[in-house]
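Asks: whatever this is, show me its structure:
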Amino acid sequence: MPLERKKVGEVFHFYGKIGVAAIRLTDDGIAIGDTVQIQGPSTNLEQTVETLQIEHTDVSRADPGQEVGMKVRERVREKDFVYKLGSMEVPLREPPAKAPSPKKAAPPKKAPAKKAPRKKKAPVRRKASRAPRSKARRASRRSRPRSR
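Replies: Numbers count the residues shown, from 1 in each chain. All right, here's what the predicted structure looks like:
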């Protein structure tokens with residue numbers, strides 16, 4: 001049985017001392033026990049997911065849109081792609097689809113509901129900062145002789 005490869009997400013950070021890849025899940029979710037492949041220009045790692053954490057809490061499954069930490073055996077790099085590997089399921093034989101009977105009419109479609117207009121956020125006011133002194137002025141102060 002050939003293996004099917006489906007993109008799950010992307011590595012956005014690697015913690016070298018503890019050997020953990022931070023993964024942003026974009027296309028599909030992963031769970032403990034899944035086989036994943038992390039691939040990039042200089043990375044090709046295939047392993048089973050043994051630990052998953054979200055915000056330092058152990059989880060058994062993570063869905064798209066979440067950021068997870070996963071223990072890895074080798075070094076991975078930022079922007080490496082993460083794929084989930086699974087066996088391709090080949091259906092034996094499917095019965096032909098029945099044509100819909102002409103007597104039943106489809107129910108009329110409803111118009112989508114209008115969304116409420118978004119409120120505009122007030123602009124953020126930033127505190128005014130002093131301009132830094134020029135380097136020439138700083139240097140001239142240091143080179144000036146002291147009075148005693």
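Asks: can you pull out the helices in this protein?
Replies: Using DSSP state H, the helices of the chain run over 135-143.
Asks: looking at this structure, which strand is longest?
Replies: strand 3-15 (DSSP state E).
Asks: which positions within that one qualify as buried?
Replies: 8-11, 14 (16 or more other Cβ atoms under 10 Å). Bear in mind the C-beta positions are built from the backbone N, C-alpha and C, glycine included.
Asks: what of stretch 45-61?
Replies: Within stretch 45-61, the residues that count as buried by 16+ other Cβ under 10 Å are 45, 49, 52, 59.
Asks: what's the answer for stretch 58-73, then?
Replies: Residues of stretch 58-73 classed as buried: 59, 62, 66, 68-70, 72 (neighbour count, 16+ other Cβ under 10 Å).
Asks: nearest to residue 86, of these?
Replies: Of all those, residue 86 sits closest to residue 62, with 16.5 Å by Cβ to Cβ.
Asks: surely the closest one is in contact with residue 68?
Replies: Yes - in terms of Cβ atoms under 8 Å, residue 62 counts as a neighbour of residue 68; the distance is 4.5 Å.
Asks: any common contacting residues for the two?
Replies: 25, 30, 52, 54 (Cβ atoms under 8 Å, 6 or more residues apart in numbering).
Asks: and the strands in the protein?
Replies: Going by DSSP E, the chain shows strands at 3-15, 20-25, 30-31, 35-39, 44-48, 52-54, 57-58, 61-62, 67-71, 81-87.
Asks: mean pLDDT and distance to residue 123 for these - can I get that in JSON lines?
Replies: Output for the strands of the chain, formatted as JSON lines (pLDDT from 0 to 100; distance: least, Cβ to Cβ, whole Å):
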{"stretch": "strand 3-15", "mean pLDDT": "91", "distance to residue 123": "30"}
{"stretch": "strand 20-25", "mean pLDDT": "93", "distance to residue 123": "30"}
{"stretch": "strand 30-31", "mean pLDDT": "92", "distance to residue 123": "40"}
{"stretch": "strand 35-39", "mean pLDDT": "92", "distance to residue 123": "42"}
{"stretch": "strand 44-48", "mean pLDDT": "92", "distance to residue 123": "46"}
{"stretch": "strand 52-54", "mean pLDDT": "92", "distance to residue 123": "33"}
{"stretch": "strand 57-58", "mean pLDDT": "92", "distance to residue 123": "36"}
{"stretch": "strand 61-62", "mean pLDDT": "92", "distance to residue 123": "36"}
{"stretch": "strand 67-71", "mean pLDDT": "93", "distance to residue 123": "29"}
{"stretch": "strand 81-87", "mean pLDDT": "87", "distance to residue 123": "38"}
